[in-house]
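Engineer: Compute the structure for the input listed below.
(chains A and B, ligands or ions: 5)
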Amino acid sequence: MSDIFTVENIKRISGTDVRKCMKCGKCSGRCPAFDDMDIKPHQFVTMLGQGRVEELLSSKAIFNCLSCMACVERCPRGVAPANVIEAVRDTVERMQGGDAIKAEDIPAIVDELIPQQLLMSAFRKYKK
Amino acid sequence: MQRIGVFICHCGSNIAATVDVERVTEALAKEPGVVYAVNYQYMCSENGQQLIKNAIAEHRLTGIVVCSCSPRMHEATFRKTAEAAGLNAYMVEIANIREQCSWIHKDIEEATEKAIVLARTAVAKILLDKPLTAGETGVTKRALVIGGGIAGIQAALDIADAGYEVDIVEKRPTIGGRMAQLDKTFPTLDCSACILTPKMVDCAQSDKINIFSYSEVEEVKGFVGNFDVKIRKKARHVDETKCTGCGVCMASCPSKKGLNEFNMNLNNRPAIYIPFAQAIPNVAIIDPEQCLKLKSDKCGLCQRKCGVGAIDYKQEDSFVERKYGAIVVATGFRPIKLDNFNEFGYADNKDVVTSLELERLMNAAGPTKGTLLRPSDGKHPKVITFIQCVGSRDVSGCGKPYCSKICCMYTAKHAMLIREKYPDTEVHVFYIDIRTPGKNYDEFYRRAVEQYGVDYIKGMVGKVYNENGKLMVQGSDLLDNKQIVIPSDLVVLATAIEPDPSVRDIATKLTISIDTNDFLTEAHAKLRPVESPTAGVFLAGVCQGPKDVPETVSQASACASKVIGLLAKDKLKGNPCVSHVDENMCTGCSQCEQVCPYGAITYIDKEFRIGGGKTETRRVASVNPAVCQGCGACTVTCPSGAMDLYGFSSAQILKEVEAICKR
Ligand SMILES: Cc1cc2nc3c(=O)[nH]c(=O)nc-3n(C[C@H](O)[C@H](O)[C@H](O)COP(=O)(O)OP(=O)(O)OC[C@H]3O[C@@H](n4cnc5c(N)ncnc54)[C@H](O)[C@@H]3O)c2cc1C
Ligand code: SF4
Ligand code: SF4
Ligand code: SF4
Ligand code: SF4
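Structural biologist: Ligands and ions are numbered 1, 2, ... in the order given. Next up is the predicted model:
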């Protein structure tokens, strides 16, 4: 599972360059869900860079992240930890099979100002 | 008929590994006008130069083309070589087959082909070259220093010490800059004022140094050795020649609400004030925004109290015009504004302060007379948390991408001073990395940890919020992989620094360049670190890049030695590659005058014969060759093609283009 394809795919979906991280920890210093997360926001970035997706895919944190985007907002290096978390979660969803939402439903709910990640996150929450 | 020699350099393997120098030699030997072509391992070596000299004599060469590195490296060398062999120095052309060819190509075939084209182009140009003689200009033996911080002060003192006159133009009412605001200085922890003020006094007492305080550079004309500068002396409403600095006016002034800039606006000062006790010049100044007399024609108390009649409410800005041989830019820095960083709560909490504000809160001449008290309630803070890298190393667009370089050291300084003076205080420092290279610097930081028990936490702060009067500092402790919250009484932000914003205007006036962060760029990052790209303009201090006092002083002294080297010359050799006008073609349209950045072009009325024994008077352009820098702006602007450059004529450039296109 932790093949290069999955690693690259998560990087691609996240749209963030994990190499830009300078390991300052500001994301985790800000995160309101920090205590509930088994893997912390800054670790998502580092571990993806190291290719450790297996651990990420089985983490509980992907369902504790609030998608509040505070980490993205605060990162001094323009890295988006929340997007990495979202990309991992998305990969888990896909591996479980079945689409959470129908493509034809999307245009009606999309607003140009809504960040894509928030949209994805909303789909997850309203799925069940 | 010209007889051209072509000399192709291998530059060891720098060129020869990518360019087939034999093939270039063969190709060039066949070019019309070329009578000799040869390649050699190092053309710039003594042997290489001898080879050129011999060839000039043997083949009776009238000009040489050297195919080598950039002309910035060795053009001067080969001009001298040619001159030594009896040629005119300007009968030399360089084909740059290294930086513009071998270094940037991998394919030998392509690189060789391009080297041949570049060499042919140089041959095409040299065939139209004519011998030129450089003129000479005098040097005004006086330097201008813009900015009176420690950089400007040191540069001025060193230049004056060599016997030259120096003027310091300082925009604030006193010299001293940021260093005057510091309490103690790392790495030795001596009192900043104690080491700075003697130098300020030296400036005031030197008969070679003239200080224009509360003044700005209005206009700069001219060129190296001969700058004409107009200085605006802003109205301080106090006659500098009369004021004795007694301070009676300050005590009498009823308007006391002005923010004290010297104390980082942490307290107030009267409308008439002297910035601090050791100010140079020790002369009062009136803040027109606060003065009741200037605002509404009421009051006038200070004038009545002043024993020497120094107050002049009607004083206006005045101007001074002076000539200088060299200019030093030392405009320094300011801490950035924190508007983009509301996570640290600076705007909402009085007890979140910047490091420069802390300097004032610890200083005996500061708002708290040196006792560290929190701004909100005047109580002594028991838990103090420092946050490093605030706004530095930030590429998100909110802050500055660079490391501000001084804050790791001054934070360690602050932490130590506080623990020394108030051992009951708990001090925490959030850091991303500790950057303390330098003599005794890392030892200094380790002392904070080992001797003073300062708690360093690896991680950045995510937010600061107020809870029941405590400042809650929430951040990462990365080594423990925990998110921690430290309830603090005072939070200190090691705020990024940026160049003084006026540097943009100064750079434009002096035609020097700034980088993407507004720091002034040096002529060469490694080999010409204190020179600007414009001859005669030098850089010192933080305006060129973040640095601490020892580094600033070193750079300022280096700058001074460059200035002294320039002022010591009686004549400067000019550049003969200047513009000239074909008066028959000039229509006197004035367009060239408008584009010339050096003011080298004027117009004259001249009589011309128009046949039949008649004459006509026409207005035509005239170039001052001593002022013209050969930039060529006029030649491309002139609609009638009357302007042309010696050594870079339009005909030559067209020949070059032709040679490139021919193949
Ligand atoms: C909080 C803090 C603590 C520090 N502690 C230390 C320390 O302990 N030890 C240490 O070595 N370094 C320390 N530094 C660094 C030190 O302050 C600088 O290295 C030093 O001040 C740089 O001097 P400068 O002359 O280049 O710039 P500045 O001190 O900024 O001086 C520049 C001067 O130029 C003037 N000016 C600006 N623009 C113009 C203009 N257009 N025309 C005319 N005049 C102009 C300004 O008014 C100013 O007087 C500290 C810095 C800070 C922020
Ligand atoms: S805030 Fe950005 S740079 Fe800092 S650790 Fe998190 S992802 Fe990396
Ligand atoms: S988006 Fe998720 S990881 Fe980022 S700060 Fe919010 S809860 Fe934490
Ligand atoms: S005239 Fe202005 S500066 Fe003088 S005492 Fe009155 S308010 Fe103060
Ligand atoms: S000097 Fe230290 S505190 Fe300042 S920006 Fe650089 S790393 Fe950060």
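Engineer: Could you look up the SS state of residue 65?
Structural biologist: Assuming you mean chain A. Classification of A:Cys65 by DSSP: H, G, I helix; E, B strand; the rest coil places it in coil.
Engineer: nope, chain B please
Structural biologist: Here B:Val65 is strand, with the state taken from three-state DSSP.
Engineer: what's it in contact with, if anything?
Structural biologist: Going by C-beta atoms under 8 Å, 6 or more residues apart in numbering or on different chains, B:Val65 touches B:4-7, B:28, B:92-95, B:119, B:122-123, B:126. Where you see a C-beta, it was placed from the backbone N, CA and C, and this is true even at glycine.
Engineer: Quick check: of those residues, which has the highest neighbour count?
Structural biologist: Most neighbours among those, by other C-beta atoms under 10 Å in any protein chain shown: B:Val6, with 31 neighbours.
Engineer: Contact residues of chain B facing ligand 1?
Structural biologist: Contact residues, chain B versus ligand 1 (C-beta under 6 Å from any ligand atom): B:146-152, B:169-172, B:177-179, B:182, B:185-186, B:216, B:330-333, B:335, B:355-356, B:359, B:406, B:410, B:413, B:497, B:500, B:502, B:506, B:541-542, B:547-550, B:552.
Engineer: Now, the residues you listed that are in helices?
Structural biologist: Members of these lying in helices (criterion: DSSP state H): B:150-152, B:355-356, B:359, B:410, B:413, B:506, B:549-550, B:552.
Engineer: Check those and tell me the two furthest apart.
Structural biologist: Spanning the widest gap among those are B:Lys413 and B:Ile506, at 30.6 Å by C-beta to C-beta.
Engineer: show me which of the residues of chain B next to ligand 1 neighbour ligand 4.
Structural biologist: Checking the residues of chain B next to ligand 1 against ligand 4 by C-beta under 6 Å from any ligand atom, not one of them is in range.
Engineer: Buried subset of those, written for PyMOL?
Structural biologist: To isolate the buried ones among the residues of chain B next to ligand 1 in PyMOL, judged by 16 or more other C-beta atoms under 10 Å in any protein chain shown, type:
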select buried, chain B and resi 146+147+148+149+150+151+152+169+170+171+172+177+178+179+182+185+186+216+330+331+332+333+335+355+356+359+406+410+413+497+500+502+506+541+542+547+548+549+552
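Engineer: residue of chain A with the smallest distance to chain B?
Structural biologist: In chain A, the residue found nearest to chain B is A:Arg30; the distance is 2.7 Å by C-beta to the nearest C-beta.
Engineer: if we can go back for a sec, let me know the closest of the contacts of B:Val65 to B:Ile514.
Structural biologist: Minimum distance to B:Ile514 across the contacts of B:Val65 is 29.3 Å, recorded for B:Ile94 (C-beta to C-beta).
Engineer: For the stretch 551-663 of chain B, which segments count as helices?
Structural biologist: Secondary structure of the stretch 551-663 of chain B (DSSP state H, counting those that start in this stretch): helices located at B:591-595, B:633-637, B:650-662.
Engineer: B:Val449 is nearest to which of those helices?
Structural biologist: Proximity of the helices of the stretch 551-663 of chain B to B:Val449 was assessed by C-beta to C-beta; the nearest stretch is helix B:633-637, lying at 58.1 Å.
Engineer: is any part of the longest helix along chain A close to ligand 3?
Structural biologist: Criterion DSSP H: the longest helix present in chain A is helix A:81-96. Yes - under the criterion of C-beta under 6 Å from any ligand atom, ligand 3 is reached by helix A:81-96 at A:81-82, A:85.
Engineer: List the beta-bridge partners for B:Cys9.
Structural biologist: Applying DSSP bridges to B:Cys9 gives these bridge partners: B:Tyr40.
Engineer: So what does B:Glu531 have for phi and psi?
Structural biologist: Note on B:Glu531: its backbone torsions stand at phi -100, psi 140 [degrees, to the nearest 10].
Engineer: Likewise for B:Ile97?
Structural biologist: Here B:Ile97 shows phi and psi, under degrees, to the nearest 10, equal to phi -100, psi 10.
Engineer: Now name the helix or strand holding the residue nearest to it when sequence neighbours are not counted.
Structural biologist: Spatial nearest neighbour of B:Ile97, chain neighbours left out: B:Ala115 (4.3 Å); criterion: C-beta to C-beta, 6 or more residues apart in numbering or on different chains. Secondary structure from DSSP states H and E places B:Ala115 in helix B:108-126.
Engineer: I'd like the next helix or strand past that helix.
Structural biologist: The helix or strand immediately downstream of helix B:108-126 is strand B:136-138, counting by DSSP H and E.
Engineer: pLDDT of that following strand, averaged?
Structural biologist: Strand B:136-138 shows a mean pLDDT of 90.
Engineer: Could you pull out the buried residues of that strand?
Structural biologist: Buried residues in strand B:136-138, defined by neighbour count with 16+ other C-beta under 10 Å: B:Thr137.
Engineer: Can you pull out the residues in contact with that strand?
Structural biologist: For strand B:136-138, contacts defined as C-beta under 8 Å, 6+ apart pick out B:225-226, B:570-574, B:626.
Engineer: Now do the same for the residue in chain B that chain A sits nearest to: its pLDDT.
Structural biologist: Distances between chain B and chain A by C-beta to the nearest C-beta are smallest at B:Gly462, namely 2.7 Å. The per-residue pLDDT reported for B:Gly462 equals 97.
Engineer: Leaving out chain neighbours, which residue sits closest to it?
Structural biologist: Spatially, and ignoring its direct neighbours in sequence, B:Gly462 is nearest to A:Arg30 (2.7 Å; C-beta to C-beta, 6+ apart).
Engineer: Could you check how many residues crowd around the nearest residue to B:Lys256 once chain neighbours are set aside?
Structural biologist: Nearest residue to B:Lys256 in three dimensions, chain neighbours excluded: B:Pro270, at 5.1 Å (C-beta to C-beta, 6+ apart). Residues within reach of B:Pro270, counting by other C-beta under 10 Å, total 24.
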